[in-house]
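*Asks:* Dropping the sequence and predicted coords here.
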Amino acid sequence: MTSTPAESHYMNNQAGTLSAGSRMILPDATSSAEITDVSVEYDDFGAPALVHVTLTDGATLRIGVSSQVKVLAPGSAGLAAVTEGTPLRSPGEPDGGTPSPADNHPVTGTGAVVVPPLPPAAPAISGPTDDDLAAIPSPQGPPESVIEDVAARHQGADGVMLLTDKLAKGINTKSGSCLKDLSELAHELYIVRKDSEGALAVADLLNVLPFDGNPGRWTSVEATLALSAYICRQSGQDPRAEVYEKLLRAPDTQETDAFKARMQAKVRQRSLNEPNLYDKEIFRAIDNSHHDAEREWRLLRLESLLFLRAHGGSETIGGPELERRIANELEAVRS
C-alpha cells in the first residue's frame, strides 16, 4: 500500500527560504531529492519572483518565490526514495520485508531504508549541430553591429535605447547580465516595436549558444529560443522554428541514466501541466489599478506561454488554446 510522508517528518516552507542541503518533496509527492543550489530571479521592480532550485541529479525546478513546498525535517533522511515508484516510508514503518545484505542499502536502527544522496553530477553539455546552425543566419559583422543597426532603426524608443546603450559597449556571452539584456531587447523589439526581423537578429546572438549546465544563464537563452520559434511559426518559417524548438528542448534529453531521466521527465511534465501564469499577481494589479505592474506580470505570463508553445503545449493546455492565449497577452501588453 503506497504511503506518503507523515506530517511530522516534513515542514511547509516558502520557496524563497529554500537553501542548499535541504531535502525537498518532489512534485510527484512520492519521493524527495537534496537541493544543491538555489538562485533567485528578480522581476523588473527588483522584487524576488522565481526561485531556481537545482537538485542532485542536475534537474532544475522553477518555483514562485511565495509558493509553499514541503521540506523534510532534520532527522528524516529515511524518507528518500529508493527506486521509482517506491513509496516514502516514515521511520519504523514496516516495508513488507527485511532487506538482505545483497540489497546494498544501509539500514538505520529503526529499520528504515536510507539511500545516501548522490553527489552532484556534471550536466552533459550539448551544442547546436552544424545542420542546426546552418538554419540560423549569422550576423553580418560583429555582434555589436546588430545592436547598432537596431538602435539606428528605433531612435527615440526609450525601451530599445536603454538596452542598446548598454549592449553597444560590448557583448560578452559569458556574462549572465549581458545575456539577460539581449533577451530583454529581443522581446522589446517584437512585443513593443513589432519588429520581427530585429528581434530575430538579436535573439540569434543567444540562440546559437550551447547549454552549459548553468540554469540562470540558460533562462535567457531559453526565452529567446521560445520567442524565435513563435515568430518563425507566425511568419511561415516552420523549418527554422523547428530548429529553435529542438535547441530549447536539448537539455531535457541530456541525462543518460534511465531512472534519473524518468524522474526528470516527470518533473518537467508536471511543470508544463501546471505552469505559473501569474494569475494572482495580475488580478491583484488589476484590482489596485496598477497598470505598470499588471503589464510586467503579463510579460512574464507571455514568456511562460511562449515556452509552452515551443514544447508543443502540454497535457492541460493544447496548441490552439496556447495560440489564443498568446494573442490575448500580446494585445494586452501592446495596448
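*Replies:* Yep, that arrived.

*Asks:* got the phi/psi numbers for residue 50?
*Replies:* Backbone torsions of residue 50, given as degrees, to the nearest 10, read phi -130, psi 150.

*Asks:* What is the neighbour count of it?
*Replies:* By the measure other C-beta atoms under 10 Å, the count of residues near residue 50 is 20. (Glycine included, C-beta is placed from N, CA and C.)

*Asks:* Isn't it up against residue 61?
*Replies:* No - distance between residue 50 and residue 61: 10.0 Å, which falls outside the contact criterion (C-beta atoms under 8 Å).

*Asks:* List the contacts of residue 206.
*Replies:* Counting by C-beta atoms under 8 Å, 6 or more residues apart in numbering, residue 206 makes contact with 173, 179, 182-183, 186, 220-221, 224-225.

*Asks:* Please report how far it lies from residue 182.
*Replies:* As for residue 206, its distance to residue 182 is 5 Å (criterion: C-beta to C-beta, to the nearest Å).

*Asks:* again with residue 221
*Replies:* Computed as C-beta to C-beta, the residue 221 to residue 182 distance reads 9 Å.

*Asks:* For the closest residue to residue 151 other than its chain neighbours, which three-state class applies?
*Replies:* Setting aside the residues directly before and after it, residue 151 is nearest to residue 164 in space (C-beta to C-beta, 6 or more residues apart in numbering), at 4.0 Å. On the three-state scheme (DSSP: H, G, I helix; E, B strand; the rest coil), residue 164 is labelled helix.

*Asks:* Please determine how far residue 164 is located from residue 48.
*Replies:* For residue 164, the distance to residue 48 - C-beta to C-beta - is 28 Å.

*Asks:* Of the two, give the one with the bigger neighbour count.
*Replies:* Summary of the neighbour comparison: residue 164 and residue 48, criterion other C-beta under 10 Å, with residue 164 having more neighbours (24 against 14).

*Asks:* All the helices of the stretch 201-335 of the chain, in order from the start?
*Replies:* Under the criterion DSSP state H, counting those that start in this stretch, the stretch 201-335 of the chain carries helices at the ranges 215-234, 238-249, 258-273, 279-287, 291-310, 319-334.

*Asks:* Show me the domain layout of this structure.
*Replies:* Partitioning the chain according to automatic domain parsing yields domains covering residues 7-103, 130-253, 258-334.

*Asks:* you'd agree residue 155 is in a helix?
*Replies:* No - Residue 155 sits outside any helix when classified using three-state DSSP, being coil.

*Asks:* give me every residue that touches it.
*Replies:* Residue 155 touches residue 161, counting by C-beta under 8 Å, 6+ apart.

*Asks:* dump the residue contacts of the closest residue to residue 66 other than its chain neighbours.
*Replies:* For residue 66, the nearest residue in space outside its immediate sequence neighbours is residue 14; the separation is 5.9 Å by C-beta to C-beta, 6+ apart. Residue 14 is in contact with 65-69, counting by C-beta under 8 Å, 6+ apart.
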